[in-house]
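Participant: Mind folding the following:
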Amino acid sequence: MKTNKIISNIKSELGEGVYYDNNNDFLLWVDINKLKLFFVKGSNVQTYKTPEQISSVLDIHDGKIIVLGESGILSFDYKLGLWESLHNTPGQYKTKEFRSNDGIKIKENLYIYGVMKK
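Facilitator: Residues are numbered from 1 along each chain as shown. Down below sits the predicted model:
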């Protein structure tokens, strides 16, 4: 019988977007309201400040974490600590009134996501 294992005692206000990278054995999730990205490598939990509300982790590719944020799809180079915008949310939803909500990678460079009122 398998048992559950607690990997962190971090308490999120609005924890979402759990993502597991099977190739590298990385676990990631976000706290939308506290603007945090959590990254677990082995027994090490790293916390990164996000520049805006992030609702989900979409992928890890070439040392960059691809996430879904308020403004659209962003890339985070966790080794350098650099954020980059990859795709902006369409104009009618790119206001402080909306944020992204849930997304998924369909294939390389193709993602689908929803938006919602805050």
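
Participant: can you give me the helices in the protein?
Facilitator: Using DSSP state H, no helices are assigned anywhere in the chain.

Participant: helices or strands next to the strand ranked longest in it in the packing?
Facilitator: Counting by DSSP state E, the longest strand found in the chain is strand 98-107. Counting contacts by 3 or more C-beta pairs under 8 Å, 6 or more residues apart in numbering; DSSP states H and E, strand 98-107 packs against strand 54-61, strand 64-69, strand 110-117. In short, each C-beta sits where N, CA and C put it, glycine included.

Participant: Out of the ones you listed, which is the most enclosed?
Facilitator: Highest mean neighbour count of those: strand 64-69, a mean of 24 (counted as mean count of other C-beta atoms under 10 Å).

Participant: how about that strand as PDB, C-alpha atoms only?
Facilitator: What follows is strand 64-69, C-alpha atoms only, in PDB (Å, rounded to 0.1, in the frame of the first residue of the first chain):
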ATOM      1  CA  LYS A  64      12.200  28.100 -18.400                       C
ATOM      2  CA  ILE A  65       8.900  27.700 -16.600                       C
ATOM      3  CA  ILE A  66       6.000  28.600 -18.800                       C
ATOM      4  CA  VAL A  67       3.100  30.100 -16.800                       C
ATOM      5  CA  LEU A  68      -0.300  31.600 -17.300                       C
ATOM      6  CA  GLY A  69      -0.600  35.100 -15.800                       C
END
